[in-house]
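Participant: how would this look folded up:
(one chain, ligands or ions: 1)
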Amino acid sequence: MLNIAVLVSGGGTNLQALIDAQNNAEISGGKMALVISSKTDAFALERATKAGIAAEVLLRKGFSSQQEYDEALLSLLARYRIDLIVLAGFMTIISNTVIQHYENRIINVHPALIPSFCGEGFYGLRVHEAALAKGVKVTGATVHFVNEICDGGPIILQKAVEVIRGDTPETLQRRVMEQAEWKLLPKAVALFCEGKISVENGIAVIKED
Ligand code: GAR
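Facilitator: Alright, predicted model coming up:
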């Protein structure tokens, strides 16, 4: 059984999708051992507590240097013997130190079809605002490994979602979550925990049954 840590900053609907998948025995090779929030008032913390998962708050501003923050994060992850980190709407930048420590063991969900609408500054509603401003007819979500390039790591799963005339960033965000993120993220975590994802020459490959 792999120990999973889910890192959150907000509402935690993706965390909820993972909790639901775990309760439905869809993540057979792993279990959520820890939720870390970058905000004290994140609703995701309540979801974790309700699900009986240990929840910790780690504030970047609580540390005077990146190095001290990294050490605190790594020791927290070590204390819970974490094998896989899932970024589910985590809005604090993960440094190269942590990325190298967990190479190809950090999964992120991004609310667009990478390489569109991604990279620095593209997070949350801003992604959907940019998609609507460009007038794309299809957007979606991507689950990928985290490497040193922002939103540039190996792509694990993607799903397209239609943009509908009259969409606002909020309605589009909701559709992308419902139709893509909440399905893709638990699926990718389950595949990882079953040892079915490998990275070959910088490309994520999923083993078929
Ligand atoms: C999700 O849409 C997630 O894809 C996005 O933040 C939202 C978090 O919602 N992440 C990013 O934009 C990362 N670049 P949630 O707290 O309800 O899961």
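
Participant: List the residues that contact the residue of the chain at minimum distance from the ligand.
Facilitator: Of the chain, the residue with the smallest distance to the ligand, taken as C-beta to the nearest ligand atom, is Gly89 at 2.5 Å. For every residue, glycine as well, the C-beta is placed using N, CA and C. Applying C-beta atoms under 8 Å, 6 or more residues apart in numbering, we find Gly89 in contact with 8-12, 14, 44, 109, 124.

Participant: leaving aside the residues next to it on the chain, what's closest to it?
Facilitator: The shortest distance from Gly89 to any non-neighbouring residue, by C-beta to C-beta, 6 or more residues apart in numbering, is to Gly10 (5.1 Å).

Participant: doesn't Leu45 make contact with the one you found?
Facilitator: No: shown here, Gly10 and Leu45 do not form a contact pair, counting by C-beta atoms under 8 Å, at 10.4 Å.

Participant: residue boundaries of the strands in the protein?
Facilitator: Taking DSSP state E as the test, the strands found in the chain are 2-8, 30-37, 54-57, 84-87, 106-110, 138-145, 155-162, 197-200, 203-206.

Participant: now the ones you listed as CSV including mean pLDDT, distance to Ile19 and mean neighbour count?
Facilitator: As requested, the strands of the chain are arranged in CSV below (pLDDT from 0 to 100; distance: least, C-beta to C-beta, whole Å; neighbours: other C-beta atoms under 10 Å):
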stretch, mean pLDDT, distance to Ile19, mean neighbour count
strand 2-8, 98, 9, 24
strand 30-37, 98, 7, 22
strand 54-57, 98, 12, 16
strand 84-87, 99, 12, 24
strand 106-110, 98, 15, 24
strand 138-145, 99, 17, 23
strand 155-162, 98, 19, 17
strand 197-200, 98, 21, 14
strand 203-206, 98, 23, 14
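
Participant: right, so of those strands, which gets closest to Ala190?
Facilitator: Ala190 lies closest, by C-beta to C-beta, to one member of those: strand 30-37, at 7.9 Å.

Participant: give me the beta-bridge partners of Val35?
Facilitator: Bridge pairing for Val35 (DSSP bridges) gives the partners Val6, Ala55.

Participant: Next: Val199.
Facilitator: For Val199, the beta-bridge partners are Ala204 (DSSP bridges).

Participant: what's the answer for Ile107, then?
Facilitator: Val86, Phe145.

Participant: Please apply the same query to Gly30.
Facilitator: With DSSP bridges applied, Gly30 shows beta-bridge pairing to Leu2.

Participant: quick thing: my sequence starts at 365, can you match it?
Facilitator: Yep, numbering from 365; the last one is Gly394 now.

Participant: And the pLDDT for Asp573?
Facilitator: If you check Asp573, the pLDDT there is 75.

Participant: Distance check, it against Gly393.
Facilitator: Distance, Asp573 to Gly393, by C-beta to C-beta, to the nearest Å: 14 Å.

Participant: Which one's more surrounded, the two?
Facilitator: Taking other C-beta atoms under 10 Å, Asp573 and Gly393 do not tie; Gly393 has more neighbours (17 against 4).

Participant: got a list of what the more buried one touches?
Facilitator: 365-366, 554, 556-559 are the contacts of Gly393 under C-beta under 8 Å, 6+ apart.
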